[in-house]
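Q: Fold the following and give me the result.
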Amino acid sequence: MAKHSTSWILIALLAAGALALPVTSVAQISVSINFAPPPLPVYEQPDIPGPGYLWTPGYWAYGPEGYFWVPGTWVEPPTFGLLWTPGYWGWSAGLFEWNAGYWGPQVGFYGGVNYGFGYTGHGYEGGYWRDRDFYYNRDVTRINNVQITNVYNKTVVNNITEQRVSYAGGPGGVAARPTAQEEQAAHMTHTPPTPMQIQHHESAAQNHELLASVNQGKPRIAATAKPADFSSHVVAANRAGGPMPAAAPARGAPQAAQSPVHARDLPKAAPIAPAATSASEAERSRARDIVALQARHDQEREALARQQEVDHAQVAAQARNSQAMANLERQHQQQTQELQQRHAAEQQQRAAPPQVPRAAPPAHAPPPQAQEHPQGPPH
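A: This is a model prediction of the structure:
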């Protein structure tokens, strides 16, 4: 995605706030990447800051400079009775696609990814709602120096392996399918992330130390006591959850396998050398045609870039949700690719040497005569 698109998503989600939206508008795919996210780092849960907070696990997000860590944190839900379903990376058609998290009355499918602290891959073992009160399981919830009376103890077996895989499906991914209860949860009304969760994500996106290429899978800020607070009650990762994916490019390196999304991302055409002084009139005319073609291509590229910027502004002004922005990004990518392919075909056609027509045989030309060979002397 382009660097500015994250801000548009922020505006759209902030406008949505805590409004209840259909599941299709908040839990859809928003980003597609052609290499795997890093393993989940190993870290401890910070102390809960007070009653009413629910744990949301950390995850790897993707930005202009590659994967970055969004620390786990304690969050106040939009209203009582709602539980958090974490987002997850899933494998589809050769790409790793991000499925956004959401609030709902039941925990839905999150790829079978073991995020820990009650999120063992299916459901949530960290607590439950009773009327307007949330009851915490002390076995997976860190409660210290705070008065919380709604507690219980239930042993949770957390089978965390040495390699903490962060995605579902594909090579080396978690093999999991939704349970019947998770299928049911998928059809319930969902609520998007709260403004504090969005601010938490945006703060992580702007923190250079949280880039996977910088921390090598072991972020210094792995979890926080409150969202967007990266200075107090911060927990560092104990270790990376496994080796970094070999296919991940270095920070700032071009990602040739990814297609350009916007017309502004297309490389500028190289300047055309003028025709030589000894060139024929036909060669000079052909050179002028190539220059005119490049000028037209530049104008079309600039026109599409301006239109795409207008599209972004309109979606943001209408306070559309993140899925609308993701759909627009896909549309822009298709437009840009089609423009790029058409320009390449026209340039190739114009650059091809002219075909010299073959001279037609004269009308009523006699058929070629077979060459007569003198006979040798008789034997």
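
Q: CA atoms for contacts and neighbours, from now on please.
A: Noted.

Q: okay, now the nearest residue to residue 176 once chain neighbours are set aside: neighbour count?
A: Using CA to CA, 6 or more residues apart in numbering and skipping residues adjacent in sequence, the residue nearest residue 176 is residue 112, 5.3 Å away. Neighbours of residue 112 under the rule other CA atoms under 10 Å: 22.

Q: Pull up the distance across stretch 177-188, start to finish.
A: End-to-end distance for stretch 177-188, by CA to CA, to the nearest Å: 18 Å.

Q: Contacts for that stretch, please.
A: With contact meaning CA atoms under 8 Å, 6 or more residues apart in numbering, stretch 177-188 is reached by 22, 23, 104, 105, 106, 107, 108, 109, 111, 112.

Q: any idea how far the residue nearest to residue 176 is from residue 309?
A: Taking CA to CA, one finds residue 112 at 38 Å from residue 309.

Q: Same check on residue 211?
A: Per CA to CA, residue 211 is found 27 Å from residue 309.

Q: Comparing the two, which shows the higher neighbour count?
A: Taking neighbours as other CA under 10 Å, residue 211 and residue 309 compare with residue 211 leading, 26 against 14.

Q: quick one, what contacts the more buried one?
A: Residues near residue 211 by CA under 8 Å, 6+ apart: 65, 66, 67, 68, 69.

Q: I'd like the residues you listed as JSON lines, with pLDDT, neighbour count and distance to residue 193 appended.
A: As requested, these are exported to JSON lines (pLDDT from 0 to 100; neighbours: other CA atoms under 10 Å; distance: CA to CA, whole Å):
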{"residue": "65", "pLDDT": "90", "neighbour count": "18", "distance to residue 193": "23"}
{"residue": "66", "pLDDT": "92", "neighbour count": "20", "distance to residue 193": "22"}
{"residue": "67", "pLDDT": "95", "neighbour count": "23", "distance to residue 193": "20"}
{"residue": "68", "pLDDT": "97", "neighbour count": "29", "distance to residue 193": "18"}
{"residue": "69", "pLDDT": "98", "neighbour count": "29", "distance to residue 193": "17"}
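
Q: Would you reformat those residues as CSV and include secondary structure and distance to residue 189?
A: Shown next, in CSV, are these (DSSP: H, G, I helix; E, B strand; the rest coil; distance: CA to CA, whole Å):
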residue, secondary structure, distance to residue 189
65, coil, 34
66, strand, 32
67, strand, 30
68, strand, 30
69, strand, 28
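
Q: Going by distance to residue 291, which of the residues you listed wins?
A: residue 65 (35.6 Å; CA to CA).

Q: Relative to residue 98, how far out is the closest one?
A: 16 Å.
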